[in-house]
Each structure stands twice: as structure tokens, then as C-alpha cells.
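> Okay, here's the prediction I keep looking at, along with the sequence it came from:
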Amino acid sequence: MYHLRPVAGVPEKIDLPTCMYHIKPMNGIQTTSLPNGLAPVKRVKMDPQFEAIEERQLQVIARLRQLRDTVNDMIVKSGAKEGQGKVSKQAPVNTASKASTCLSSARPSTCVSSVLLDATLPSEVVIEANPSRPPLSLVFFMSLNPQLRTLTHVHSSYSKNVDGKLNSLFTRDTSGSTIRVIWKDVNGTRLTPLALGSLGAEGEANVARFLSRVLAKPDSVLNYDALTPEDLVLVDGVLESSELVDTAPDHFLNSLQAYLQRRGSSGGVSNRTIADYVGYSTLRYLTKQKSQQSLQKSLIDWMNSLTNEVPALC
Amino acid sequence: MGTEEPTATQEPQEAGGAPSKKALKKAAKEAEKAAKKEASQASRQPQENANEPDVSEGLYGERPLNQSQDKSVRKVEKVTDLGVSYATQTVWIRARLHTSRAKGKQCFVVLRQGRSTIQGIVAVGEKTSKQMLKFVTNVPKESIVDVRGLVQTVPKPIESCTQSDVELICLEFWVISLAEPRLPLQIDDAARAVTEEGDEDALSIRVNQDTRLDNRILDLRTPTNQAIYRIEAGVCKLFREALERKNFVEIHTPKIISAASEGGANVFTVSYFKTSAYLAQSPQLYKQMAIASDFEKVYTIGSVFRAEDSNTHRHLTEFVGLDLEMAFDTHYHEVVDTIAATFTEIFRGLRDLYAEEISTVNKQYPASPFTFLDPPLRLEFPQAIAMLREAGVEVGDEDDLSTPNEKLLGRLVKAKYDTDFFILDKYPLVVRPFYTMPDPSNSKYSNSYDMFMRGEEILSGAQRIHDPKLLSERAKHHGVDLEKIKSYIDAFKYGCPPHAGGGIGLERVTMLYLGLDNIRKTSMFPRDPKRLTP
């Protein structure tokens, strides 16, 4: 309507500010002020210190790639099976693959050498347990490796007497790696942290998982990581239900029955998983509270077969 | 003839109605008279009371000095025994007057005997006079008194006394030993618990350590100190009992010796007739001589003197050493196991027999309960080094552990094994004394061991070299003058069985068991570079 003459000296086009305070970009990437992110990215000159850090990081990544390739070559050269222990390009933390043999098709064998354990623990292992529910699964690990050294202590918080037979069962002084069992007034079994900053493990099931991973051969069904997914379901069923045996004993018995049915009646050391050992320990605890007469004959026979493997358990 | 009542007199008024000067003077005189009368009436009142018959006469007062002039026998009860079972009984007790508080015609007293306290009441009545009440009110705190009283139950527990369900109606009150009215420290202040900051209800009055030690006689009367020294006596007793059961023989070694026990300059010199002698740093030489004399297993409990100018929380210049030495059959671990079992018996005994005393100490000085394993945890020196390195400490394979490293190791062991007591075996040879037996399988290590409580060393021991030739070699290697230790080496010239041993400090073990922060709390009359009294 009314055209005004422009104020003298003011340019027609003025660049308005896009922000309150402008600071230099830290990552060397500068975008234009368009809000929709479609603006072209242009790299500006970075701080030399950041450039140096980035350069070093790229070098470290390259060296790690080289190392991975070297390790893979060494594994192939040493004759390891394909896919076992190979460092995956996705680099998962736990790289042990599942054994091709699953529980139901495993040939029964009384030969111990196929599951003979490596007695090299990362450091001294400390297990806290209540004498009223001793972790008998540990006794089986001990019997599979005669070099494993186990010592027992009674903690000052436990003022009752510990049965001498129980102490003898868990004590063996050899020259191998050491597991210390500390009898304490605790609920259940507990593995104390091996190193600063690491976590321990609660419950006999988790302790058995740890020991099987560390002590059993990678291809043995005793190694928790070697189980197929189908077998894991049954094994985990026994392990998890064993922790709840005080409140749901029937659930534990059903899980154990299902596991034993799947495994078949074929016994033998090479066919045992940690579900056998933890299940046995839990069943012994259960029968201490209730009579053994209420158990099915198959369970009693299975228990006796395990007891025969370690006569000290009688 | 009494005071005459002031008579009103009419004085002629000055013109205008204002009182005259004479009238004013008279009024002032009368006021003065009235004031004097009041004062004389007030002073006459006690005399009037004194003139009242004292129904408690012969039931209170200060007893003459006890010079054993009287051999009468009476039954005196322990305050700690007084409870509901004594209700309606009349008993005699001897205790200290802990506090007294008068209120009108009553006086509440708290009587203390050791760690036990009971409330007493003195109330004016048919059998108790005002004079007795006044006497009791004026007895200074800490005086020793004999009280005969009627035990009666109370409707509500008396929280401030250990005997909370009864009180004593005082019928007789006698002072046996009067205390000075002004005390250098109050027992209540010395017994006050260490509270956290921010506890607004708690009093902030504390007695510092030097004041306690300067007035030790009073400080030792607190329930906490009564408990601490009973626990310390328990350590000594349990040590003796454990070793007696293992057929050890107690010996007593000399404390005035001609040569420094362990070498070094940390010895006190005493003048000995025309020459000088030293106070023994440890009984080691004599323990070993006893072994060479076929005593097989010996122990000794006695003072140890170390002239170290260490002003720390865990050093004293004089302390009580509990030492043992034992001949073994094949391996020095027989001795280590014996010492370890002895410690387990001591800790278990304290836990089971002194729980009340430990609880009393924890009320004033809170600490976590002492935990231990049976059998005790035994680690080897390389394992300890590995644990420290894992925690980020840089330490060489053969370096001795510094005090901070020892404390860190204690914390790491506690975190992993949940024990405050452990044994560290196979120390590097280079950091041990010359008489330590080298490890036969690894010349860098030795058959020596230390034991720790709450991360602090309490025992240093080893298998001793019992062969004079090897002993001389090791002494030369360490640069020790053989002439100075000639008598020590000669002790092994006529045959000596293989043996090992160690020694602990009684005060340090007690301090660490209870989780206290200073060794002076467990030494009744401590000696350090700055203190020689009391």
C-alpha cells in the first residue's frame, strides 16, 4: 500500500543469525542451517589433536584385524575343526560352538578320557556353601580330574559342627588348581568373584555352569556351551528348577524325569551333563528331607548309578 | 526476749505533708531491723532442723579408715546379680557413686560396680531423715560406698542402668573412701559412644587420648575399658590353654641381656653395675636355647622392649609378647599348622566366651565382627603378589610388602575369602633375617611366614637355621659380625633339632580383633617415645 524509501546504507539482503552463540564444531563436520538434515555435510579443518587420535584408532583397528586373521590361521593349522574356536568376524565374546553330538544319540561309554578335564583354573576358585545343602556336583568334577585340588574351611559365622565325612568328601590335597569350599551360613551355593570387578555366581546350577565351561573339554557334552539348543532346554529346565526345589519340588522332579527320558537309559560318564550332577545333588537334598520311598524306581536307579561312579558319596 | 515489733509512731510532719528527715531515718532503721530479723530467722531454721530428731542416726556417715580393725563377716552381693529374684530382699552392696540427683525430698543415685549399674533411692520418710538425704546428696561422685537396701521391682525398666528391672531403696549409706569433688574427667564423657556426625541428639563431649592416659585410673573405670582388658586377659588365657593342651612348656626368659636380640639399634640400654646391658627385644635366642636343651615345645609370655621411635597407632616401646617355639619332625608346616590352630582356638574362644564384653566394646567403638576360617587360610607369597598386581599395584617378585600393600592385600583377601585372618607363607629370602632357613626347592624364597589380622601383621616367624655352619654363612652374607653372635651360634654346636616358631603382641592382637584404631586403647599403661607415665 505504501512504499517506503529504504533507509540509506542498509543492504537489501541481511544474513540473520541462526543461533545464540556460535562455537567451533568439535568433530570437524559442519552443516548448514537447514533443519531437516538434508543439508550437505562438509568437513572443515579439525583440531590436530583430534586428527592424531583418530589416526591412532584406525591403526589399532587395523592391527586387531591382523591379529584376528593370524589367530584364525593358527587354529586352522593346528587341525581344529571348522567353526570351533575360530574368531568370528562379528567377534562374539563366547565363541565355543555346539557339539554336533546331541544327548540322545551319544554312544554310551565308560571311557573317561573323552571328557577328561583340563585342570587349569584361571585363578583360585572360592565356593561358599551351606553344609545342610552341599554342592555334590563339585564331587563329580573332582572325580573326573584327579589333579584338581580342593580344600575346605568352616567360616566363623557357622557355629555348628561340620560332619567330618562331608569335609573329607570335599578335601583333596594335590598339586593342581585349587578350589576352596567355605562352609558358611548362607542360602544356597555361591561362587565368589574371581577377580576385581568381576561378578560371582549364585546357586549351584550357575556354579556348575561355570566349572563345566572352564574345566570340561569344548566338545564334551559336559561343557555347557557344547550343548545343542534342544538339549539346552532340558538341561536348563533341570538346573533352574533345582534352585526352586524348596518351594516347587514336583516341578524339579518332572524336569528331571523329562531330561532323563530324552537322554535315554544309556548311562556312562561320557554321556553325563551338568544336569545329571546338579540334579543328583538336588535329589540327595530332597531325599534327606523326604523319604526316598516316594521316588520313582527309575530315579532311584539313576541315583544309584551316579553314586557308584563316586563311591565316596555312599 | 524476742525482737520487738516496730511500733508505729507519729512523727510531726513537715509543712506540706512530706515525711521529715527524722521520719525517713526511722523508716530506714526499721527496714534494716526487719531485714536482720529475716536473716536471723533463716539461719536459725537448720538449727531447728538439727534439733529435730535424726531417725536415721547410725545408718549413714563416713566410716573410719579401714585398717582391718574389724573382722566381721557379712554377705555382700554383686550388683550384676541383683534382679527380680532378689525382690523384697535386703542386701549389702559396695559400689562407686556414679551419679546422684536430688529432687525435693528424694535423691536418686546410680551405683556402679565394674560394668554394672543399679539405681538407688533415698527418700525422706519415717525411717529416713532429712539429714541423711542431705548427706547422700553431698557425697562426691566416684566415692566408694557401702549401701544396705531393699530390692524392689520397678513398673518401667530403668533404661540408664544395667540392672533395669529393679532398684534399691537405701536404708543405710556409708562412705568407705571419699573421692575429691572435682574430677579431671567424667566417667560418662569417657564412656560416650563414637557417634556419627549429624546425630543432633548426641552430646559432642569427648575425652581425648592424652587426657585419658594422664588420668588412666579414672579412664579404666568405664564399662568399655573394663571389657577390653577382660578380653585381653582372655586372649592370654586362651593362648596358654591352647598350648598346654598341645603339651607346650611355659618358660621365662631373661629381659636383661648382654647383646641385642635381633641386631640393630632399636634396643634400650641400661646400666648394669660397672657395665651396660640391654632390654630384650624378643625372647628368641632363649626359646631356641630351650629347644636345643630338649624341651621340644616351649612358650613364653613376657615384656618385650623395642626402642623404635615410631609414633604410630600400632607401635609401643614396651608390649607383652606371646612367643612359642617348637621342634618338628619333617616339615616346618607342622609348626605353622600348630600356630594356626592356636589362633583358631583363641578366636573361637573369644567369640563364644566373651560375646558380652565384645558387645560392650562395640557400643562405644563400633566395628565389624572379626571373621576367620577353620583351618585358617594360607596363601603363598607369589599368590599375594599376583593378587596385588591384579589390583594394579606394581611390586617386584622379591619385594617385601609395604604397610599400605599389606592393608590392600588384607582387603583383597577379605573380599575374596571373607576372612580377617590369613597366613602368608614362603617369603623371599632376601627380606628375612639371617637366621631364616632358605627354601630347599627355590633359593629365592625361605621357609618363613607372616600372619595378618585385618590387613596388619601380627606374627613373623620362620624355620630357624639350626646348623652352626650354615648359620655362620648366612650371617656373613648379611654382613653380621660373627663375634657379636658367637654365643647364639654356639647354642647349636651340641646338636639341635629342626625347629620353627613365632611371636605375637598381645595388645596388637586384641586391638585388631576388636577393630580398634589405636594400640594405646589395649595397653593398660602404654609406653611410647612420648610417654613414660603413669
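Cool, got the structure. Residues are numbered from 1 along each chain as shown, chains lettered A, B, ... in the order given.

> center of the chain - which residue?
Looking at chain A here, since you left the chain open. The centre of chain A sits closest to residue A:210, judged by Cα atoms, centre = their mean, with a distance of 6.0 Å.

> switch to chain B, that's the one I care about
In chain B, the centroid-proximal residue (Cα atoms, centre = their mean) is residue B:225; its distance is 3.9 Å.

> Just give the nearest non-adjacent residue to it, would you?
Using Cβ to Cβ, 6 or more residues apart in numbering or on different chains and skipping the chain neighbours, the partner closest in space to residue B:225 is residue B:219 (6.3 Å). Placement of C-beta: from N, CA and C, glycine included.

> now do residue B:324
Spatially, and ignoring its direct neighbours in sequence, residue B:324 is nearest to residue B:299 (4.1 Å; Cβ to Cβ, 6+ apart).

> my read: the one you found touches residue B:339, true?
No - the criterion here is Cβ atoms under 8 Å, and residue B:299 misses it with residue B:339 at 10.6 Å.

> Need the residues touching each of these two.
Common neighbours of residue B:299 and residue B:339, using Cβ atoms under 8 Å, 6 or more residues apart in numbering or on different chains, are residue B:324.

> mind showing which ranges of chain B have poor pLDDT?
The model of chain B has pLDDT under 70 over residues B:1-18, B:38-51, B:195-203, B:260-265.

> Show me which residues of it sit near chain A.
For chain B, the residues in contact with chain A (Cβ under 8 Å from any Cβ of the partner chain) are B:347-348, B:351-352, B:369-377, B:383, B:386, B:390-391, B:412, B:415-419.

> now the residues you listed: which count as buried?
For the residues of chain B next to chain A, a neighbour count by 16 or more other Cβ atoms under 10 Å in any protein chain shown gives the buried set as B:347-348, B:351, B:370-374, B:376-377, B:383, B:391, B:412, B:416-419.

> How is residue A:278 assigned, secondary-structure-wise?
When classified by DSSP: H, G, I helix; E, B strand; the rest coil, residue A:278 comes out as helix.

> residues near it, how many?
The number of residues packed near residue A:278 is 29, by other Cβ atoms under 10 Å in any protein chain shown.

> Pull up the gap between it and residue A:171, please.
21 Å (Cβ to Cβ, to the nearest Å).

> now do residue B:19
When distance is defined by Cβ to Cβ, residue B:19 is 112 Å away from residue A:171.

> Same check on residue B:389?
Using Cβ to Cβ, residue B:389 is found at 29 Å from residue A:171.

> Those residues of chain A touching chain B, which are they?
Within chain A, the residues that sit near chain B (Cβ under 8 Å from any Cβ) are A:123-124, A:126, A:128, A:153-157, A:159, A:180, A:182, A:184, A:192-193, A:195-196.

> Might you name the residue of the stretch 51-200 of chain A sitting closest to chain B?
Using Cβ to the nearest Cβ, residue A:153 is the residue of the stretch 51-200 of chain A that sits closest to chain B, at 3.8 Å.

> hang on, residue B:443 packs against residue B:429?
Yes - using Cβ under 8 Å, residue B:443 is in contact with residue B:429, at 7.0 Å.

> Who are the contact partners of residue 129?
All of this refers to chain A. Under the criterion of Cβ under 8 Å, 6+ apart, the neighbours of residue A:129 are A:135, A:181-184, A:186, A:188-190, A:204.

> if you could check chain B rather than the one you did, that'd help
When contacts are counted by Cβ under 8 Å, 6+ apart, residue B:129 touches B:52, B:54-57.

> Repeat that for residue B:534.
Going by Cβ under 8 Å, 6+ apart, residue B:534 touches B:213-214, B:216-217, B:525.

> Let's have those residues in JSON lines, adding secondary structure and neighbour count.
Listed next are the contacts of residue B:534 as JSON lines, based on DSSP: H, G, I helix; E, B strand; the rest coil; neighbours: other Cβ atoms under 10 Å in any protein chain shown:
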{"residue": "B:213", "secondary structure": "helix", "neighbour count": "17"}
{"residue": "B:214", "secondary structure": "helix", "neighbour count": "15"}
{"residue": "B:216", "secondary structure": "helix", "neighbour count": "15"}
{"residue": "B:217", "secondary structure": "helix", "neighbour count": "9"}
{"residue": "B:525", "secondary structure": "coil", "neighbour count": "13"}
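
> Can you pull out the low-pLDDT segments for chain A?
Where chain A drops to pLDDT under 70, the residues are A:6-7, A:9-12, A:25-46, A:79-120, A:122, A:196, A:264-270, A:291-293.

> Please enumerate the helices of chain B.
Secondary structure of chain B (DSSP state H): helices located at B:21-50, B:130-137, B:187-190, B:209-214, B:216-219, B:223-245, B:284-292, B:333-353, B:355-364, B:381-390, B:403-417, B:468-477, B:486-490, B:506-514.

> I meant the stretch 101-250 of chain A, not that one.
For the stretch 101-250 of chain A, the helices defined by DSSP state H, counting those that start in this stretch occupy A:137-144, A:164-169, A:204-215, A:229-243, A:249-263.

> which stretch among these comes nearest residue B:77?
helix A:164-169 (46.4 Å; Cβ to Cβ).

> domain assignment for chain B?
Chain B breaks down by automatic domain parsing into domains covering B:60-64+B:73-177, B:187-219, B:223-521.

> Can you get me the start-to-end distance on the shortest one?
This means domain B:187-219. This stretch, domain B:187-219, spans 7 Å end to end (Cα to Cα, to the nearest Å).

> Give me the buried stretch members for that domain, please.
For domain B:187-219, the buried set under the neighbour-count rule, 16+ other Cβ under 10 Å, comprises B:187, B:190-192, B:207, B:212-213, B:215, B:218-219.

> Repeat that for stretch B:436-452.
By neighbour count on 16+ other Cβ under 10 Å, the buried set for stretch B:436-452 is B:436-439, B:445-452.

> Return the subset of those lying in strands.
Per DSSP state E, strands hold the following members of the buried residues of stretch B:436-452: B:448-452.

> where does residue B:426 sit relative to residue B:448, distance-wise?
Distance from residue B:426 to residue B:448, counting by Cβ to Cβ: 7 Å.

> let me fix that: residue B:422
Distance from residue B:422 to residue B:448, counting by Cβ to Cβ: 15 Å.

> returning to that earlier point: and the residue nearest to residue B:225, how far from chain A?
Using Cβ to the nearest Cβ, to the nearest Å, residue B:219 is found at 31 Å from chain A.

> ok, now residue B:273?
Distance of residue B:273 to chain A, given as Cβ to the nearest Cβ: 52 Å.

> Which residue ranges of chain A form strands?
Per DSSP E, chain A carries strands over the ranges A:29-30, A:42-43, A:125-129, A:149-155, A:178-183, A:190-191, A:201-202.

> what about the ones you listed, which gets the closest to residue B:331?
Of these, nearest to residue B:331 by Cβ to Cβ is strand A:149-155, at 17.4 Å.

> tilt between the closest one and strand A:178-183?
30 degrees (axes from the mean of the first three to the mean of the last three Cα atoms, to 10 degrees).

> and strand A:149-155, what other elements does it pack with?
Other helices and strands packing on strand A:149-155, by 3 or more Cβ pairs under 8 Å, 6 or more residues apart in numbering or on different chains; DSSP states H and E, are strand A:178-183, strand B:373-374.

> Need the ones you listed in a markdown table (columns: distance to residue B:306).
A markdown table is the format used below for the helices and strands packed on strand A:149-155 (distance: least, Cβ to Cβ, whole Å):
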| stretch | distance to residue B:306 |
| --- | --- |
| strand A:178-183 | 36 |
| strand B:373-374 | 31 |
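
> Residue in the stretch 201-350 of chain B with the shortest distance to chain A?
Closest point on the stretch 201-350 of chain B to chain A, by Cβ to the nearest Cβ, is residue B:347, at 6.8 Å.

> Not counting its neighbours along the chain, what's nearest residue B:485?
Once flanking residues are discounted, residue B:485 sits nearest to residue B:475: 6.1 Å by Cβ to Cβ, 6+ apart.

> thinking the one you found is in contact with residue B:484, fair?
No - in this structure residue B:475 lies outside contact range of residue B:484 using Cβ under 8 Å: 9.3 Å.
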